[in-house]
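In: sequence plus predicted model, see below.
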Amino acid sequence: MPQFEPASAADAPAAPAPVDVDRVMDCVRRLGLRFFLDDEGDVGIPWRYVTVHAIFQGDRALQLRGVWHRIADTEHLAELRRLVEDWNATRIGPKAYLTIADGGVVRLHGEVTYPLGAGMTDAQLEDFIFTGCRLIVALMREAEDVFPDPIRGRLEP
């Protein structure tokens, strides 16, 4: 009969711990990603089509939110709505949605949320940030494919 030895402390998974801005910045550094701290204290991670912001919802949740660098007029609203509806119906994330500002400026957003009640291990935080960013970038890449020509303008990071 095989003998099983107890796992060593080094083999044991790290215990979940509270997540704060410092842990997010450490995680992003470990992942080798560029980042900055914005005026509101959120960590911004710039990509080609989008800048993803790590935003805390108090101590309840951590959200990764991205806004497409391009903007549109309301004349493209129906096409953008179709993109968002198709994305949300056929993919598990990120949640895609549109906002319309004064003056008819339409923006495409992607968002992924993780509840923080139990905290996160470093591995969970890395997986969330890496996967969440990749999903948001994929949404924005899809938008770039659907709208290859400028639809109003371009906002650079």
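Out: Yep, that arrived.

In: next, name the residue at the spatial heart of the chain.
Out: The structure's the chain has its C-alpha centroid closest to residue 64; by C-alpha atoms, centre = their mean the separation is 3.4 Å.

In: ok, now which ones touch that one?
Out: 52-55, 94, 111-113, 128-129, 132-133, 136 (C-beta atoms under 8 Å, 6 or more residues apart in numbering). C-beta: built from backbone N, CA, C; applies to glycine.

In: before we move on, what about residue 147?
Out: 70, 72, 76, 79.

In: can you give me the pLDDT of it?
Out: pLDDT for residue 147: 83.

In: may I have the phi/psi pair for it?
Out: Dihedral angles of residue 147 (phi, psi; degrees, to the nearest 10) stand at phi -120, psi 70.

In: quick check: it vs residue 68, distance?
Out: Going from residue 147 to residue 68 by C-beta to C-beta, to the nearest Å gives 9 Å.

In: tell me what the top strand by length along the chain is packed against?
Out: In the chain, with assignment by DSSP state E, the single longest strand is strand 106-115. On a contact count with 3 or more C-beta pairs under 8 Å, 6 or more residues apart in numbering; DSSP states H and E, strand 106-115 meets strand 61-68, strand 70-72, helix 77-90, strand 95-100, helix 122-146.

In: among the ones you listed, which is nearest residue 33?
Out: Nearest to residue 33, of all the helices and strands packed on strand 106-115, is helix 122-146, at 7.6 Å by C-beta to C-beta.

In: list the contacts of that closest one.
Out: The contact list for helix 122-146 (C-beta under 8 Å, 6+ apart) reads 13-14, 16, 19, 23-24, 27-28, 30-31, 33, 45, 47-50, 52, 54, 62, 64-66, 68-70, 79-80, 83, 87, 91, 93-94, 96, 108, 110-112, 114, 120.
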